[in-house]
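> Sequence plus the predicted model coming up.
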Amino acid sequence: MAWTLKTERYYDLTGSLTYLVVVMLAWRLGQPTSWGANLLLVAVVVWATRLGSFLFLRVIEVGEDQRFRHIKESAPRFLMAWTLQGTWVAITRECCSCRASSRQEVLPPSPTECSQRASLRWVLSWQSQVFPWR
């Protein structure tokens, strides 16, 4: 349908939604109880929501996604872009899905210095991505 209408308007939004659904489904099916799995889920949901909404709103505001100027003219190129998006979702969600669906406790029962440093790096990375976009 997107190729028929020659629009890329919902490309990034559907990618983020797909990513969120797959990760949350893995989390729900695995029913993890550790703080680490839950913290990872929150970080992924926040990141995917922010990125997907930013890219979608940018396309709405600008009127197009320049990456798609030549892609949307050709059905095979459009299919390639959607296939790459699906591949991206499958690859990048793997560690989160494995962690969420694991029934074994991989992390200690409380946050360690290493997990605190990782959380701080995530927050700093988040800030470096969000503030330049404004």
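Happy to help now that I have it.
> just how off-centre is the helix or strand that contains Thr49 within its chain?
Following DSSP states H and E, one finds Thr49 within helix 35-62. With C-alpha atoms, centre = their mean, to the nearest Å as the basis, helix 35-62 stands 6 Å off its chain's centre.
> likewise stretch 56-70?
19 Å.
> Name the residues of the helix holding Thr49 that are buried.
36-37, 39-41, 43-44, 47-48, 51-52, 55-56, 59 (16 or more other C-beta atoms under 10 Å). No exception for glycine: its C-beta is placed from N, CA and C like everyone else's.
> for stretch 59-79, same thing?
59, 65, 68, 71-72, 78.
> now stretch 15-28
Going by 16+ other C-beta under 10 Å, stretch 15-28 has these buried residues: 15-20, 22-24, 26-27.
> so what's the closest residue to Asp12 other than its chain neighbours up against?
Closest residue to Asp12 apart from its sequence neighbours, by C-beta to C-beta, 6 or more residues apart in numbering: Leu55 at 3.6 Å. With contacts defined as C-beta atoms under 8 Å, 6 or more residues apart in numbering, Leu55 is in contact with 12-13, 16, 65.
> For the protein, just list every one of the helices.
Taking DSSP state H as the criterion, the chain carries its helices at 2-5, 11-30, 35-62, 75-92, 94-101, 113-130.
> list the buried ones in the last one?
Yep, that's helix 113-130 we're talking about. Under 16+ other C-beta under 10 Å, the buried positions of helix 113-130 are Ala118.
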